[in-house]
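> Okay, predicted coordinates and the sequence, questions at the end:
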Amino acid sequence: ALGKGVTPIVCVGETLAEREAGETDHVVKRQLSAVIHTLGHCISQIVVAYEPVWAIGTGKTATPETAEQMQSYIRRLIKEKFGDEVTSRVPILYGGSVTSKNVKYFTQMPNIDGVLVGGASLDAQEFYKIIQNA
């Protein structure tokens, strides 16, 4: 994708079973480490999205506070490997049943740079409301 001028959005996130087992941090670290290993110095050319698998298309969503904790954790993992300058250039989004009713709570969090809208983007009026409320 990078070679063709396309910015990849790399999604990381856990299943419900992994969350309930307390493995969220381990799963996200493993997934992000694979991306970092593959991309190396190109990491600042991607977008990372925390999108818990259990929230995709289910109508369930992480709380803004839970999403903020994961965004902070992801930012810390990138910072440990690449430092502040590179980390500041990597947008970190939240995805997972984002709607016009909950988007403002996510976008108000300091470590959430934006949202990744899935199914709601298929409804033009809802998508417009998401944009307005963000």
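It's in.
> what's the nearest residue to E51 if we skip its chain neighbours?
Of all residues not flanking E51 in the chain, G95 sits nearest, at 3.6 Å (CB to CB, 6 or more residues apart in numbering). From N, CA and C alone the C-beta is placed, and that goes for glycine too.
> what's the answer for K81, then?
Nearest to K81 is I36, by CB to CB, 6+ apart, at 5.8 Å.
> Surely the one you found touches S44?
No: with contact defined as CB atoms under 8 Å, I36 does not count as touching S44 (11.3 Å).
> More neighbours: which of those two?
Per other CB atoms under 10 Å, whichever of I36 and S44 has more neighbours is I36, with 17 against 14.
> buried stuff in the lowest-mean-pLDDT helix or strand in the chain?
One helix or strand of the chain scores below all others by mean pLDDT, DSSP states H and E: helix 16-20, with a mean of 92. Buried residues in helix 16-20, counted by 16 or more other CB atoms under 10 Å: 18-19.
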